[in-house]
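*Asks:* this one's sequence-less:
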C-alpha cells in the first residue's frame, strides 16, 4: 500500500513541528519521494544523525508503505 504525500508530511510534522517541509513524489506511484526538511532540531547534528531522526519519525513505515525516500535535511 502506497503512502500519500500529505500523509508523509503529516507524519513528519508530528516530530518536526517547527520544520519547513517539502515533499515531492518522484515516480508518481506514492512509493518514491524526495523530502526536504529544515528544522531547528537538526542544528549541530551530523547528516547521519539527522536522517536517523527522520527514519525514527516515520515509525517503521520505510520499506513498507514507503519504499524509497531521498532526504535533504538541515537546520532552519
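*Replies:* Thanks, I have it. For clarity, every value in this text was computed on a predicted model and none was experimentally measured.

*Asks:* Break down the chain into its strands, ranges please.
*Replies:* Read by DSSP state E, the chain holds these strands, from start to end of the chain: 20-25, 32-38, 68-74.

*Asks:* Can I get the ones you listed in CSV including mean pLDDT?
*Replies:* As requested, the strands of the chain are arranged in CSV below (pLDDT from 0 to 100):
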stretch, mean pLDDT
strand 20-25, 96
strand 32-38, 96
strand 68-74, 96
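
*Asks:* How about residue 23: what's its closest non-neighbour residue?
*Replies:* For residue 23, the nearest residue in space outside its immediate sequence neighbours is residue 5; the separation is 4.5 Å by Cβ to Cβ, 6 or more residues apart in numbering. Where you see a C-beta, it was placed from the backbone N, CA and C, and this is true even at glycine.

*Asks:* what's the spacing between that neighbour and residue 59?
*Replies:* According to Cβ to Cβ, to the nearest Å, residue 5 and residue 59 sit 17 Å apart.

*Asks:* Looking at those two, which has the bigger crowd around it?
*Replies:* More neighbours sit around residue 5 than around the other of residue 5 and residue 59, counting by other Cβ atoms under 10 Å; the figures are 14 against 10.

*Asks:* can you give me phi and psi for the nearest residue to residue 67 once chain neighbours are set aside?
*Replies:* For residue 67, the nearest residue in space outside its immediate sequence neighbours is residue 31; the separation is 3.9 Å by Cβ to Cβ, 6+ apart. Summarising the backbone geometry of residue 31 under the convention degrees, to the nearest 10, its torsions are phi -120, psi -20.
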